[in-house]
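J.: Build me a model from this:
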Amino acid sequence: SVEEMEMMIATSPQYNWDKFKGQNELVMDLLSGSSLTAFNMFDGYPINILRPDLHGPAHNDCLHTCLPRDNIYSFITLHLLRLWSE
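T.: Predicted coordinates for the structure are as follows:
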């Protein structure tokens, strides 16, 4: 669960994972209060926080999703485009 992963990363200062939730909330708040209306927001924090294991030891930051190994954002984008086109 997201809560379990947050507890796990709170005990590991590696890669500053513990700061991502606050940074994510800051950006979401800024964008939500923006006067821009021509965009939709998707909060990727819950997906990313569940996958700190995605990269092997040769990579520097294991929390960010990279293609081609995990293509979740392409699937979500395609799904949303299909919904909006109906």
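J.: same for the helix or strand bottoming out on mean pLDDT in the chain, what does it pack against?
T.: Within the chain, confidence by mean pLDDT, DSSP states H and E is lowest for helix 45-49 among all helices and strands, at a mean of 80. If you count contacts as 3 or more CB pairs under 8 Å, 6 or more residues apart in numbering; DSSP states H and E, helix 45-49 packs onto helix 2-10, helix 20-32. Glycine gets a C-beta too; all of them are placed from N, C-alpha and C.
J.: Looking at the ones you listed, spot the one closest to residue 40.
T.: Of all the helices and strands packed on helix 45-49, it is helix 20-32 that lies closest to residue 40, at 10.2 Å by CB to CB.
J.: Could you list every helix and strand in contact with the closest one?
T.: Applying 3+ CB pairs under 8 Å, 6+ apart, we find helix 20-32 packed against helix 45-49.
J.: so what's residue 82 scoring on pLDDT?
T.: The per-residue pLDDT reported for residue 82 equals 92.
J.: any idea how far residue 75 is from it?
T.: When CB to CB, to the nearest Å is applied, the distance between residue 82 and residue 75 equals 11 Å.
J.: Same question for residue 23.
T.: Counting by CB to CB, the gap from residue 23 to residue 75 is 24 Å.
J.: Thanks a lot, see you next time.
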